[in-house]
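Novice: Sequence first, then the predicted structure:
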Amino acid sequence: MTSSFGTIFRVSTFGESHGGGVGVVIDGVPPRLAITVGELQADLDRRRPGQSRLVTQRDEADRAEILSGVFEGYTTGTPMAVLVRNKDHNSGAYDHLKGVYRPSHADFTYDAKYGFRNWAGGGRASARETIGRVAAAAVARKLLAEVAGIEVLAWVQSVADIEADVDSGALTLEAVEADPTRCPDPDAAARMTTAIEQARRDGDSLGGVVACVARRVPAGLGEPVFDKLDADLAGGLMSLPAAKGVEIGSGFAGTRMTGLAHNDPFEPGADGPRTTTNHSGGIQGGISNGEDIVCRVAFKPTGTIASEQQTVTREGEATTLAAKGRHDPCVLPRAVPMVEAMVLLSLADHWLRQRAVDVLPQLDVRP
């Protein structure tokens, strides 16, 4: 029943959607890293509800409190704890869900596992749990930027059948944040907005794809077998609420290519070999190769919708349900910082693991 992720840079999230608060304990943060609560808040503000008409209107400021692990503006090397208190939770709005299971939600499966569930807001199954991940990832972002210049940036690539045209190499945070959809293609963003608003009016929901690029990742991160970098990325990304698929590099499209077309040829580079293409998505043999790491995450349509659906009660009796409360008609805009978070946490952990391998960096035994 673990709620932890990572080996050296290890995070443990806690709290429920309608409890007193949610947060995270971060173990393995190196000492002497300058960090402020404002740096955490910047990422939390991108994740919070109520930020546009396209997302749930729950009114939460999501103000972070650093409880430990930071002294006079620097990390101490001891566990860092961050808390965000819940302010605008209305558990009474979920009374009608107490004895019924929402289709395609975690209600039934939590009951099957524990014989008990927190029906108010979904408990740990709520996307509100990801606050702890995003807060921890803000620390990872600062660490990776300072030690390696690594930058991680995600965006909404598609909503339903609306696909964006995005050059990941030239993409900026400002372009992503320019529209509430977090799609940097203005034409696609406008069509996505229309579709999401129509889904809300129809009492329905939409899914889509969030893409992510990690730039300036050094070669050598990742383990050869079970802890491959792409395996840990996929595991972290698939742990996000509503995530149903992950692709690295060419992903499934690579199956339609020949080996000659898919292979990434090497050429000499100023800092070592480089590839002329990047079908591998920056990872080969489970280890980063120095190129941009590119991944995509598929998110299903939100399970909780206002339209009437067929379901059963906890006692197994057939009934219908039209959910009430405040819900996202499309999780994609708020999923962008969540995807960044899991990529950042995975990279920070593997960067620190690689430092443990490089105990004798001055010795070069290659022939």
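Specialist: Cool, got the structure.
Novice: from here on, contacts and neighbour counts on C-alpha atoms
Specialist: Will do.
Novice: Verify the assumption that residue 145 is located in a strand.
Specialist: No - applying DSSP: H, G, I helix; E, B strand; the rest coil, one finds residue 145 to be helix, outside a strand.
Novice: quick one: contacts for it?
Specialist: residue 151 (Cα atoms under 8 Å, 6 or more residues apart in numbering).
Novice: buried sites along the lengthiest helix in the chain?
Specialist: Assignment by DSSP state H gives helix 332-357 as the longest helix of the chain. By neighbour count on 16 or more other Cα atoms under 10 Å, the buried set for helix 332-357 is 332-353.
Novice: can you give me how far it is from the chain middle?
Specialist: How far helix 332-357 lies from its chain's middle: 9 Å, per Cα atoms, centre = their mean, to the nearest Å.
Novice: now stretch 40-49
Specialist: The answer for stretch 40-49 is 13 Å, by Cα atoms, centre = their mean.
Novice: In contact with residue 64, which residues?
Specialist: Contacts for residue 64 were tallied using Cα under 8 Å, 6+ apart; they are 37, 40-41, 82-85.
Novice: Show me what it is bridged to.
Specialist: residue 84 (DSSP bridges).
Novice: which residues of the stretch 51-200 of the chain score low on pLDDT?
Specialist: 51-60, 88-94, 121 (pLDDT under 70).
Novice: What segments of it are helices?
Specialist: Secondary structure of the stretch 51-200 of the chain (DSSP state H, counting those that start in this stretch): helices at 107-114, 130-148, 173-177, 186-201.
Novice: Report all helices and strands that the last one contacts.
Specialist: I take that to be helix 186-201. Counting contacts by 3 or more Cα pairs under 8 Å, 6 or more residues apart in numbering; DSSP states H and E, helix 186-201 is packed against strand 162-163.
Novice: if we can go back for a sec, arrange the contacts of residue 64 in JSON lines, one row each, with distance to residue 172 and neighbour count as further columns.
Specialist: Formatted as JSON lines, these follow (distance: Cα to Cα, whole Å; neighbours: other Cα atoms under 10 Å):
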{"residue": "37", "distance to residue 172": "23", "neighbour count": "17"}
{"residue": "40", "distance to residue 172": "20", "neighbour count": "23"}
{"residue": "41", "distance to residue 172": "20", "neighbour count": "20"}
{"residue": "82", "distance to residue 172": "28", "neighbour count": "22"}
{"residue": "83", "distance to residue 172": "30", "neighbour count": "23"}
{"residue": "84", "distance to residue 172": "28", "neighbour count": "22"}
{"residue": "85", "distance to residue 172": "31", "neighbour count": "18"}
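Novice: that older thread, out of the helices of the stretch 51-200 of the chain, which is closest to residue 232?
Specialist: helix 130-148 (15.1 Å; Cα to Cα).
Novice: for the closest one, the distance to its chain's centre please.
Specialist: 12 Å.
Novice: got it, and stretch 9-21?
Specialist: Mean C-alpha position of stretch 9-21 versus that of the full chain (Cα atoms, centre = their mean) differs by 15 Å.
Novice: and what of stretch 204-211?
Specialist: That offset, for stretch 204-211, works out to 14 Å (Cα atoms, centre = their mean).
Novice: what's next to it, contact-wise?
Specialist: Counting by Cα under 8 Å, 6+ apart, 154-161, 196, 199, 294-303, 305-307, 328-332, 335-336, 339 sit against stretch 204-211.
Novice: Need the three-state assignment for residue 311.
Specialist: Classification of residue 311 using three-state DSSP returns strand.
Novice: what's across from it in the sheet?
Specialist: Under the criterion used (DSSP bridges), residue 311 bridges to residue 319.
Novice: hang on, it packs against residue 100?
Specialist: Yes - using Cα atoms under 8 Å, residue 311 is in contact with residue 100, at 7.4 Å.
Novice: overlap in contacts of those two?
Specialist: Common neighbours of residue 311 and residue 100 (Cα under 8 Å, 6+ apart) are residue 321.
Novice: These two - which one has more neighbours?
Specialist: Legend: neighbour count by other Cα atoms under 10 Å for residue 311 and residue 100, higher for residue 100 (21 against 16).
Novice: low pLDDT regions in the stretch 201-350 of the chain?
Specialist: Those would be 325-326, if you go by pLDDT under 70 across the stretch 201-350 of the chain.
Novice: Go again with 80.
Specialist: 323-327 (pLDDT under 80).
Novice: At which residues are the strands of it located?
Specialist: Taking DSSP state E, counting those that start in this stretch, the strands of the stretch 201-350 of the chain run over residues 208-215, 243-248, 266-267, 274-275, 283-284, 287-288, 293-299, 309-312, 318-321.
Novice: To residue 12, which of those lies closest?
Specialist: Short answer: strand 243-248, nearest of those by Cα to Cα, at 19.7 Å.
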